Structures are given as C-alpha cells and as structure tokens.
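Undergrad: From the sequence below, what's the structure:
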Amino acid sequence: MVPTAQQFDVVIIGGGPAGYAAALRGGLAGLNIAVVEKEKVGGTCLHRGCIPAKEFLETASVYRTVIGAKEFGIAVDAPTVEFAQSQARKQKVVEQLWKGLQGLMKKRKVTTFIGTGSLGADHVVRVDDGTELVGDHVILASGSVPRTLPGFGVDGKLVLTSDEVLDLERLPASAVVVGGGAIGCEFASMLSDLGSQVTILEALPKILPGCDKDVADVVLRSFKKRGIEVRTGAMVKGHTPSPDGTSTTVAFGDGEQVTVDAVVMSVGRRALSNNLGLDGTKVRVDERGFVEVDEYMRTGEPGVFAAGDLVDTPALAHVGFAEAVVIIDQILGDSVVPVDYSKVPWCIYCHPEVAFAGLSEEAAREAGFDVVTKKDPYGGNGRALIVGEPEGVVKVICEKGPDGKAGRILGVHMVGPWVTEQLGQGYLSVNWEATPQEVAHYIQPHPTLSETFGETMLALTGRGLHVG
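TA: Predicted structure coming up:
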C-alpha cells in the first residue's frame, strides 16, 4: 500500500454506464467507493451518445408528425427545422439527467475525482493530477471512443463522428454516412427526416448486420422510399475536399463517387485502454484494445475487474449496467449469474424502429437449430393504423420440437412503431426459454401495438385469432 494514498473498498476508473452503475449499486450496499472520471459522470451514453442521439431522433419524429398532421384533419403551416433549438433542448435534457446522477452519487456517498486514472501494481490508481488511490477492488470502465477509417481524418467540419454530429448547430444539406449499422442507420434516418439528402455506404452485403434479414429489409424499404440511397458492398476509398472547403467528394466501390457537405463516420468504436497504465499488473489487453475478462468480468489481476465498452461484449449501456451488477455482487459475496450475451435486448431508434432479443433466423440455422418461424405485420394492428404507422413486422423464431411444432423461443425480432418500448415481453420470453403455448396465455390489452406480438404467439400454437 502507498502510505499517502486514500483507501477505498472499490476504486472505479471511468464514470460511464458501467462505472457509475457499479458505484451506485456498491454505494447503496454501504461500500466506500471512488470514481475517477476525466470529464463528467454519465460518460458517452449521457453526454455524446444514447441520450443526445435519441433527443434528435425525437425531434425528427415530431417533425414527421407535424408534416403528416393534415392526414389527421389538423391544418398547419409548413414547418421549418430550427436545429439550434433542438440542440438547446438536447442539452437541457442532458444537464437535467447529469445533475440527477451527480446528486444520486452524492447521496450514495461516492467520492468523485476529476482526471484520467491509471492502474499500477497493488491496486494503486493514480490520477493525472497526482492523487493516489488504493482500492481493495478496482473496476476498469474507461469506455470507448469513435473509430474512423484511413483517409478520413476527423476535422469536425467535413468529416464527423457521432461526437461532432451531436454538437451541430445546423444540419448539412447532404451527407454520406459511412457504415450502415445501428448508429449509422440512426443518424441517416434523423438527417433525412430533417431535410438532408443522405447516402449510406456499407461495406457488408446488408445494412444492420446482425439483425434478422426480414427486419433489415423493412428498414431498407423505408429508407429507399424516403429518398435515402443505400449502397451495400461499398468500400470507401477516401475523400477529396472542394477548394473552398465547403464540400467533399467521397470515392467508393469501383470508381464511384458522391459529393456531399459532410461525411458522418459510423464505423464503430474502439476501447479506450491506452491510458490505463497496467504496469506491474496481470491485466491483459488484446490486439484490438479490449481488456480481457472471464464470464464474471474478472481480469488476470486478482481483485481487478473490467466492464462496459472496455471489454469485448455488446457495446450497449444496459449491458454495462448488467456487468456492473455482476461485479458488485461478487464483491459483496452475493450469488452471481453471468450475463448471457446471446440474449441481451437490442434497440435501434431509426425510423422505423428495430428491437430484438435472441437469435435471428439466420443465426439459429447456422447454430444448427431446426426452426419454426412466424412473422406478422403491423398493417393489421388497430393501434398502428390509428397512429398512422402500419409499416413493420414481428418475427418469432422457435426451435422445432419432435412433433414438428414450435418449441422453445430462440428469438423475437421486431421492426415498426415504438418497438423499442414493446420488446420487454419478447426479451422475457427468450430468456425464460418459454414456448409459444406458454406465452400465448398472456392477455394483450386492446387496442395496443403489442397485440401483434400476442397474435404471432397465438399463430405459432396453430390457433391464431386475427392472423393465419
């Protein structure tokens, strides 16, 4: 132990979702906890990710609603987008949540140190202002930063990552979004809805890789109908700014190019492990920068854990929350169940929304399962028609039983209106390894969007009401 160091039960490097969740859970249990955070607690999710991005997507939703108001008998003047006002509203939401989080951490008696923390031998954490802390346990949760590609240096004007997009005061008239995954599709959807001309360039054969094909196809059709050009199998080669620096020409594919006002890089994130130190420890970092852990989030150094985007698990805030619970419950000596990453819920907030848990049909077949599937559209759902959003589908993938009927539910995949708010019962069904016969007993309130999920389950039993 360093004689001058401050002693804690747990020292956490990083105040993002995994870090602050560990602090809150441990503080509630009476542990003496320190958090080292280089900026503001809440991390990327609160300040440069989930919350601000969804605020802008809600702005897009409101704009779509106003534009479509005439269909509901509401006469309005042609709306305009004042994006600076949306930016101010976004910041107000973020500030309110940040202040609430700070207050909660103070209530739980968590001590916060502002700075960059690094770990050395004997659980000594050094903050870059010279402060030294020692924890009986240490949690590494320093998060991640956006990635870019060679030839696309981020300048905040022509080439942007999610960080820069979320700070814009006005939107570009045209943009290329490089990457058609969850983040790329969210930004493309938002920019298009608010008036930008958008092109998505995705290197893989389809957008939303990892999603069930039937779900991704619904999003693709919607994007094309709204004027979003989607190019798959498109490798970007670089870009050439105009002489006046107001636009740039992106080269891709086999000699193709497109000229736009901005390039939005949405090619994933990299673990922020390069400043962790780790000299004199047995903590190992792989070639991609992820800290190596076992299923209980333990590193190679006794008493040192890692969680969140720093480890090679789904880069989702709620996964970081779950990993924090696993760690703190171990420290407390409680019973622990590791996170089952094959069944975590995923939500993508483009329009139409996407939500799923468990295996897609393709993944289930690749895993060797004989499957029974059923999909039903929202077009026959009363509430979907009422709100004017009949586009979408619920798809359920089941293991085929010995009798050829649908057995254990392997996956629930949804695309359509507010499916991110509907996934709960699908997630429970997958995680409890329920069967359609069991889930079909759930009574779905009427009229609701969730009835489509219930109807799909009823149909899998062979006795659907409103669907075949």
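Undergrad: can you tell me the average pLDDT over stretch 58-78?
TA: In this model, stretch 58-78 has a mean pLDDT of 94.
Undergrad: Show me what counts as buried in that stretch.
TA: 58-61, 63-64 (16 or more other Cβ atoms under 10 Å). Where C-beta positions appear, they are placed from N, C-alpha and C, glycine not excepted.
Undergrad: for the stretch 1-150 of the chain, what spans make up the helices?
TA: Using DSSP state H, counting those that start in this stretch, the helices of the stretch 1-150 of the chain run over residues 17-28, 43-48, 50-67, 83-107.
Undergrad: which of the ones you listed is buried the deepest?
TA: When the helices of the stretch 1-150 of the chain are scored by mean count of other Cβ atoms under 10 Å, the highest mean neighbour count falls to helix 17-28 (a mean of 26).
Undergrad: quick one: it to helix 83-107, angle?
TA: Helix 17-28 and helix 83-107 are oriented at 30 degrees to each other (axes from the mean of the first three to the mean of the last three Cα atoms, to 10 degrees).
Undergrad: Mind exporting the C-alpha coordinates of helix 17-28 to PDB?
TA: Coordinates of each C-alpha in helix 17-28 appear next as PDB, following Å, rounded to 0.1, in the frame of the first residue of the first chain:
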ATOM      1  CA  PRO A  17     -22.800   3.500 -17.500                       C
ATOM      2  CA  ALA A  18     -20.700   0.600 -16.300                       C
ATOM      3  CA  GLY A  19     -18.700   2.700 -13.900                       C
ATOM      4  CA  TYR A  20     -21.500   4.800 -12.400                       C
ATOM      5  CA  ALA A  21     -23.800   1.800 -12.100                       C
ATOM      6  CA  ALA A  22     -21.200  -0.100 -10.100                       C
ATOM      7  CA  ALA A  23     -20.700   3.000  -7.900                       C
ATOM      8  CA  LEU A  24     -24.400   3.400  -7.300                       C
ATOM      9  CA  ARG A  25     -25.000  -0.300  -6.500                       C
ATOM     10  CA  GLY A  26     -22.000  -0.600  -4.300                       C
ATOM     11  CA  GLY A  27     -22.700   2.700  -2.500                       C
ATOM     12  CA  LEU A  28     -26.300   1.500  -1.800                       C
END
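Undergrad: What mean pLDDT does it get?
TA: Mean predicted lDDT for helix 17-28 stands at 98.
Undergrad: picking that back up, quick check, nearest of the buried residues of stretch 58-78 to D163?
TA: Taking Cβ to Cβ as the measure, D163 lies nearest T59 of those, at 18.4 Å.
Undergrad: can you pull the contacts of the residue nearest to that closest one when sequence neighbours are not counted?
TA: Leaving aside its chain neighbours, T59 sits nearest to S86 (4.3 Å; criterion: Cβ to Cβ, 6 or more residues apart in numbering). Contacts for S86 (Cβ atoms under 8 Å, 6 or more residues apart in numbering) come out as 55-56, 59.
Undergrad: want to try TSV for those residues, with distance to G277 as columns?
TA: TSV is the format used below for the contacts of S86 (distance: Cβ to Cβ, whole Å):
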residue	distance to G277
E55	36
F56	36
T59	41
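Undergrad: between those residues, which is closest to G151?
TA: Distances from G151 to the contacts of S86, taken by Cβ to Cβ, are shortest for F56, at 27.3 Å.
Undergrad: what about the closest residue to that closest one other than its chain neighbours, how many neighbours?
TA: Distances taken as Cβ to Cβ, 6+ apart put M190 closest to F56, at 5.3 Å, once the chain neighbours are dropped. Neighbours of M190 under the rule other Cβ atoms under 10 Å: 25.
Undergrad: Ok, the one 5 residues further on next?
TA: Burial measure for G195: 14 neighbouring residues, criterion other Cβ under 10 Å.
Undergrad: and the gap between L465 and A440?
TA: Applying Cβ to Cβ, to the nearest Å, the value for L465 to A440 is 10 Å.
Undergrad: and for the two, which residues touch both?
TA: Common neighbours of L465 and A440, using Cβ under 8 Å, 6+ apart, are L458.
Undergrad: And the two? Which one has more around it.
TA: Legend: neighbour count by other Cβ under 10 Å for L465 and A440, higher for A440 (20 against 9).
Undergrad: got the contact list for the more buried one?
TA: A440 touches 454, 457-458, 460-461, counting by Cβ under 8 Å, 6+ apart.
Undergrad: thought the residue nearest to F56 was touching L57?
TA: Yes. Between M190 and L57 a contact is recorded at 5.1 Å, counting by Cβ atoms under 8 Å.
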